[in-house]
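1. test case, fold it:
(chains A and B)
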Amino acid sequence: MNQFEKKIFQSTQAAIKELFDLDLTEADLAVETPRDKSLGDYAVSVAMKLARTLRKNPMEIAEPVADKLRDMVQEAETVTVARPGFINFKMKQDALSSVINQVLDAGDKYGYNDTGKGRKVIVEWVSANPTGDLHCGHARNAAWGDCICRLMEASGWDVLREFYVNDAGNQIVMLGESLVSRYFEHFGKEYPLPENGYHADDVKQIANQIAERDGDKWLEADPKERLEYFMAEGKELELKKIERDLNYYGVTMQSWMHETFFYENNKERINACLDRMNELGLLYEKDGALWFKSTDYGDDKDRVLRKSDGTLSYLTPDIANHVYKVERGYPFLVDLWGADHHSYVTRMQASLKALGYPEGTLAVDIIQMVRMVEDGVEVKMSKRTGNAITLRELCDDIGVDAARWFFVSKDVASPMDFDMKKARTKDNDNPVYYAQYAHSRMASIARNPEIPEFRREETYPLLTDEKELQLLKMITEFPSEVGACAESRKPSRMTEYIVSFVKLYHSYYNSCKVNNPDDPELTNQRLGLVKAAMATLKNALYLVGVSAPESM
RNA sequence: GCGCCCAUAGCUCAGUUGGAUAGAGCGUUCGCCUCCGGAGCGAAAGGCCGGAAGUUCGAGUCUUCUUGGGCGCGCCA
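-> Numbering: from 1, shown residues only, chains lettered A, B, ... in the order given. Next up is the predicted model:
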């Protein structure tokens, strides 16, 4: 809630208490915005909600409440009642324009809010296997998750960005084998490339890298030792590449949690979990394997934790991973997984529930699949490498800003066709440039030598144009919008805000000139508005991971 | 067969957690530079929200059924 919504909420709450002796919470009494702007800036619909309990016509309830509110909400110019029972508030100009100085004071921090209340959260995302380059599917996950982190951080959450490295499974063995094969190939020798190995070009490059660095000494080495070495080296080099590509994409991880970490010290963390589960009677043996009775916690079948060959299933160290997150002092966990792993959600949550962690400890957001499309036809392979299009290729092709914008602006709940041709065009088919262009125009005014330097004022009473009032209102709503985006973990809502904000600004730009040499006072106040709008837009673009150019 | 997700304008998508006449961009049609950046602005046409029933003052939003699509259903990771 912004300052006006808060005031309206509290006043209405008090008025209802006084008139009807009813205690209303935020849930009962949402402050809304009227669809038609001419009705007012804000609205409450309590009268309709109370109609049944009070056995009265909504209009009869609204009238006396509105009478009280007229005195209580001094920031409102008018408080009116409209059928079927809405109470509408139109704010005073000086109340709206006071936001300018608030923005100027907050600067880069404008939009920051305390809805997170300092709570701690670990967001785990991307978490690609370290066996190859990040591709376009990861790009959607990476952009979305990064924006969630930015939004939550701006909303007062204490966020830790974590990447879970799946380095304990068979795929790392395959990576090692594939590298050995390519290493031999480098020296003109034969070594079988495994059937399920990694045949892509990037694996070959890593093998060559090792060959050039270490020479041919591994050709004659002990096969077991050699494989160990190539597995470890391969993983490290793949991870470095992943980190480099993520950074290029504007994503920075703060923590890399390795699956193998949980195998260290005789699997002490894993065993601790298994012991706890055993004590709670959640486990049983069958067919030589150890099972978790996950069906007791909503799963559709029980899950194997230790296979009959004695090795652990993927789930087991991952339970330890999630428990460890909580033990490190993070009571709230967010994971972002691809749609192909959605069935895993239930068993992970069942595990935490069974171990006694409160419901809602782990939130899993599922990212639906991405199809790369060009001219309406799916592009499965990159022309260059013959493999899936990589994140890096995508960024080189269409630019980081455009890539991130496209991924973030669409809700991840639906599968997505990413049209590369559209993303590539730098015309108005592409909303990124529409938004960035607005920022450039603002910057251009801010540096216009014909306009005298901005002088901060106590009030800005000359900003009375309808579009100016709307801009002020949107700027006022920015912090609560950030909070709402963080709460719902939907960055796409922020791109929606940005688009409507810059649309309003472009429209304003076209109808009102800032520079009025014959009216220096109006010029200065409009300049203040532009500066506030510019700071707001810059911060909004930052939150979706897109740059705010001063010129383009 | 079972489970999760999705379906809104010709196309791509929003829809403030159940509110007022369902919005935007693209595309189409018509206008706007003697004026701070035309990568811009203004206007028009285009919908009954896949279908059916229900819940209530009120449903694109919630429930059930149904149709179509995506993704899963391993002692893989």
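2. and the residue in chain A sticking out farthest from the centre, what pLDDT?
-> Distance from the C-alpha centroid of chain A peaks at A:Glu220, with 49.4 Å (Cα atoms, centre = their mean). On pLDDT, A:Glu220 comes in at 93.
3. quick one: classify it as helix, strand or coil.
-> coil (DSSP: H, G, I helix; E, B strand; the rest coil).
4. now it: how far from RNA strand B?
-> A:Glu220 sits 31 Å away from RNA strand B, going by Cβ to the nearest atom of the strand, to the nearest Å. Glycine gets a C-beta too; all of them are placed from N, C-alpha and C.
5. skipping its backbone neighbours, what lies nearest the closest residue to RNA strand B within chain A in space?
-> Nearest to RNA strand B, among the residues of chain A, is A:Gly169, at 2.0 Å (Cβ to the nearest atom of the strand). Nearest residue to A:Gly169, sequence neighbours excluded (Cβ to Cβ, 6 or more residues apart in numbering): A:Tyr314, at 6.6 Å.
6. can you report phi and psi for that neighbour?
-> With angles defined as degrees, to the nearest 10, A:Tyr314 sits at phi -60, psi -40.
7. what's the neighbour count on it?
-> With neighbours defined by other Cβ atoms under 10 Å, the count for A:Tyr314 comes to 13.
8. mind checking how far it is from A:Arg161?
-> 22 Å (Cβ to Cβ, to the nearest Å).
9. so which residues on the stretch 251-400 of chain A come close to RNA strand B?
-> Within the stretch 251-400 of chain A, the positions adjacent to RNA strand B are A:259, A:286-289, A:300-301, A:304, A:307-309, A:311, A:313-315, A:339-344, A:366, A:368-369 by Cβ under 7 Å from any atom of the strand.
10. buried only: go through those residues for me.
-> In these, burial by neighbour count holds for A:Glu259, A:Val304, A:Ser313, A:Leu315, A:Tyr344, A:Ile366, A:Gln368, counting by 16 or more other Cβ atoms under 10 Å.
11. kindly reformat the residues you listed as TSV containing secondary structure and pLDDT.
-> Listed next are these as TSV, based on DSSP: H, G, I helix; E, B strand; the rest coil; pLDDT from 0 to 100:
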residue	secondary structure	pLDDT
A:Glu259	helix	96
A:Val304	strand	97
A:Ser313	coil	95
A:Leu315	helix	96
A:Tyr344	helix	94
A:Ile366	strand	94
A:Gln368	coil	94
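12. setting aside sequence neighbours, what's the nearest residue to the residue nearest to the spatial centre of chain A?
-> The centroid of chain A falls nearest to A:Ile148 when counting by Cα atoms, centre = their mean (2.2 Å). Using Cβ to Cβ, 6+ apart and skipping the chain neighbours, the partner closest in space to A:Ile148 is A:Arg489 (5.1 Å).
13. torsion angles phi and psi at that neighbour?
-> Dihedral angles phi and psi of A:Arg489 (degrees, to the nearest 10) take the values phi 50, psi 50.
14. tell me the confidence at it?
-> What the model reports for A:Arg489 is a pLDDT of 95.
15. so who does it touch?
-> Taking Cβ atoms under 8 Å, 6 or more residues apart in numbering, we find A:Arg489 in contact with A:Ile148, A:Leu151, A:Met152, A:Val334, A:Ala363, A:Asp365.
16. what's the answer for A:Lys68, then?
-> Residues in contact with A:Lys68 (Cβ under 8 Å, 6+ apart) are A:Ser11, A:Ala15, A:Glu18, A:Leu19.
17. distance of the third one relative to A:Val65?
-> According to Cβ to Cβ, A:Glu18 stands 10 Å off from A:Val65.
18. and what of the second one?
-> Applying Cβ to Cβ, one obtains 5 Å for the distance of A:Ala15 from A:Val65.
19. so A:Trp291 is in which element?
-> strand A:289-292 (DSSP states H and E).
20. contacts for that strand?
-> Residues outside strand A:289-292 that contact it (Cβ under 8 Å, 6+ apart): A:274, A:277, A:282-285, A:302-308, A:315, A:347, A:350-351, A:354.
21. let's go with 6 Å and repeat that
-> The contact list for strand A:289-292 (Cβ atoms under 6 Å, 6 or more residues apart in numbering) reads A:Leu282, A:Leu283, A:Tyr284, A:Asp302, A:Arg303, A:Val304, A:Leu305, A:Arg306, A:Lys307, A:Ser308.
22. list only buried entries from those.
-> Buried members of the contacts of strand A:289-292, counted by 16+ other Cβ under 10 Å: A:Leu282, A:Leu283, A:Asp302, A:Arg303, A:Val304, A:Leu305, A:Arg306.
23. TSV for those residues, including secondary structure?
-> Shown next, in TSV, are the buried ones among the contacts of strand A:289-292 (three-state DSSP):
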residue	secondary structure
A:Leu282	coil
A:Leu283	strand
A:Asp302	coil
A:Arg303	strand
A:Val304	strand
A:Leu305	strand
A:Arg306	strand
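24. can you give me the end-to-end span of stretch A:146-164?
-> End-to-end distance of stretch A:146-164 (Cα to Cα, to the nearest Å): 15 Å.
25. gap between that stretch and the chain center?
-> Relative to its parent chain, stretch A:146-164 has a centroid offset of 8 Å by Cα atoms, centre = their mean, to the nearest Å.
26. what's the answer for stretch A:468-480, then?
-> 22 Å.
27. returning to that earlier point: what is the most widely separated pair among the buried ones among the residues of the stretch 251-400 of chain A next to RNA strand B?
-> Within those, A:Val304 and A:Gln368 form the most distant pair, 27.9 Å apart (Cβ to Cβ).
28. show me where chain A dips below the pLDDT cut-off.
-> Applying pLDDT under 70 to chain A picks out residues A:382-386, A:426-429.
29. the domain parsing of it - what is it?
-> A:3-91, A:99-115+A:428-543, A:170-234 (automatic domain parsing).
30. measure the first one end to end?
-> When you say that, I think you mean domain A:3-91. 12 Å.
31. what does the last one give?
-> According to Cα to Cα, domain A:170-234 extends 14 Å from its N-terminal end residue to its C-terminal end residue.
32. before we move on, what about stretch A:74-88?
-> 14 Å.
33. so A:Asn516 makes contact with A:Asn524?
-> No: taking contacts as Cβ atoms under 6 Å, A:Asn516 lies outside contact range of A:Asn524: 9.8 Å.
34. which one of these two has more residues nearby?
-> Under the criterion of other Cβ under 10 Å, the comparison of A:Asn516 against A:Asn524 puts A:Asn524 first, with 20 against 14.
35. name the element the more buried one belongs to?
-> Taking DSSP H and E as the criterion, A:Asn524 maps to helix A:520-543.
36. that helix near RNA strand B at all?
-> No: on the criterion Cβ under 7 Å from any atom of the strand, helix A:520-543 is out of touch with RNA strand B, staying 7.6 Å away.
37. what helices and strands are in contact with that helix?
-> With contacts taken as 3 or more Cβ pairs under 6 Å, 6 or more residues apart in numbering; DSSP states H and E, helix A:520-543 sits against helix A:99-106, helix A:431-446, helix A:466-488, helix A:492-511.
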